[in-house]
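1. Have a look at this fold, sequence not included:
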C-alpha cells in the first residue's frame, strides 16, 4: 500500500509517497531536517544509522542485517561491496560483514574524502552533496587489487538513493579505472526514493535500466518518491566550505584497514582502538568494569565510525546503556520541530580548519562520552576538554 506524508520546512514543502515493509514503518526509519545547502534544502535523517541521532548498536545491527538479507544468493564472484563516504561507510561495513557468512571472499571498499597514502584507483562526484568529490583507493596487495578489478558483482551501499546519478557515477568511474568484468550491480539502501523511476529492475525482469550491459537491481527497507516545492521568498542559505579532499595537518594513526583500501577483514584495526581505550582508562584510573550500568555515548568521527561502533558493542557487553552517533562535516539547520534540534560546532581534528558538527547530543546527559578519533588525542578542538565526562580515544599500537 502506498502512503503519503507532507513535511513543512522553512524553505519549502517535501511531499512523500512511500511503501512500507513489514519490518519498518517510515517513522521508525526517518526523521526530517533542513540542509544548509543551496543544492538541496531537505535532509532525510536516519533513525537507524547512528549518524545524526544517537542509536543503540543493536538497532544499527538489525538494520545492517535486514538490508544484507535482501541481497540474493548465487551472485557471480568476485564481489566488491562499496560504501559512500561519509554517511554510509559504517553501513557498508556492517552489510559486508553480514554478507561474508554467504560470501567469505567479498571485498569491502569505501570511498573517502580524506587523502591517504597509497595509489588512487578512481574518483567520482556526488552532485547534490555538501562535499561532492569522492576518492577511491586501490590495494597495495596486487592479488587483492586484481580481485577488485575482476569483480563480477558490485554491491553499492548507501543510506538513500533518489535519482540513481551517484550510483551511475560510481559504476562509470570504476569501469573506466579497470573494473571491466562487471555482470551485476546491486544498489542496497536503507531508503530508495526512486519509486516510479526506471533505474533498475526487480529479480526476474528483463527490461532495460541505466546500465545497458549490466544487470542492475535495487534492495531497500523502504521505497518511495518525493517532490519538493520551494516556498515563495524562502530564506537564502550560504553553505560553509566543507568540500575539501585534502589530508590535513594531523597524522592518521594506525587503525588497520576498515575499508578505505580494499579489505576482506574490516575489523583488523579494532585492537588498536581498544588499546587506546585502555590507555585512556588507565590515565583516569578506571577499568572497563567502571562502565557497568552507566549511560554511555560512543561518538565516531566523520568517516571513522566502523571501529568505534565495534567498540560500542564491546561496551554493551558490560551491561552499559550504550548509544552511538558521530561527528560530521554536514551542515544542518537547527529547528525545534525537526529531527535535528541541537548542535555543537567546533574545528575538525584533521587539521583542515574546517567546521565540524555533532547533532542531538548534550554531553551532560551521559555518564560518559567516548569520542573516538583516528588522529592524536590532542588534535580535537578544546571545546571537548570542557566536559569532565568526555574521553578522547585514539588508536594506539600495542606496547
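-> Arrived safely, thanks for sending. A quick note: this is a predicted structure, and the numbers were derived from the prediction, not measured.
2. for the stretch 51-200 of the chain, what spans make up the helices?
-> Using DSSP state H, counting those that start in this stretch, the helices of the stretch 51-200 of the chain run over 57-69, 89-99, 142-149, 165-177.
3. Which one of those lies nearest to residue 316?
-> Checking the helices of the stretch 51-200 of the chain against residue 316 by CB to CB gives helix 57-69 as the closest, at 5.9 Å. For every residue, glycine as well, the C-beta is placed using N, CA and C.
4. The closest one - contacts with which helices or strands?
-> helix 89-99, strand 184-192, strand 215-230, helix 306-316, strand 321-327 (3 or more CB pairs under 8 Å, 6 or more residues apart in numbering; DSSP states H and E).
5. Deepest-packed of the ones you listed, please.
-> Mean neighbour count (mean count of other CB atoms under 10 Å) peaks for helix 89-99 among those, with a mean of 26.
6. Might you report the residue contacts of the residue lying closest to residue 163 once chain neighbours are set aside?
-> Once flanking residues are discounted, residue 163 sits nearest to residue 194: 6.8 Å by CB to CB, 6 or more residues apart in numbering. By CB atoms under 8 Å, 6 or more residues apart in numbering, the contact set of residue 194 is 161, 162, 163, 164, 218, 223, 225.
7. now residue 338
-> By CB under 8 Å, 6+ apart, the neighbours of residue 338 are 9, 31, 32, 33, 34, 45.
8. So which of those belong to strands?
-> 9, 31, 32, 33, 34, 45 (DSSP state E).
9. Which PyMOL command selects the buried ones in the residues you listed?
-> Listed next is the PyMOL selection for buried residues among the ones in strands among the contacts of residue 338, using 16 or more other CB atoms under 10 Å:
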select buried, resi 9+31+32+33+34+45
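10. Just put the ones in strands among the contacts of residue 338 in CSV and tack on pLDDT.
-> Shown next, in CSV, are the ones in strands among the contacts of residue 338 (pLDDT from 0 to 100):
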residue, pLDDT
9, 92
31, 96
32, 97
33, 96
34, 94
45, 97
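11. quick revisit: let me know which of the helices of the stretch 51-200 of the chain is tucked in deepest.
-> helix 89-99 (a mean of 26).
12. and that one, what does it pack onto?
-> Judged by 3+ CB pairs under 8 Å, 6+ apart, helix 89-99 is in contact with helix 57-69, strand 79-83, strand 107-110, strand 153-161, helix 306-316.
13. Surely residue 187 touches residue 219?
-> Yes. At 7.2 Å, residue 187 counts as touching residue 219 under the criterion of CB atoms under 8 Å.
14. Good, wrapping up.
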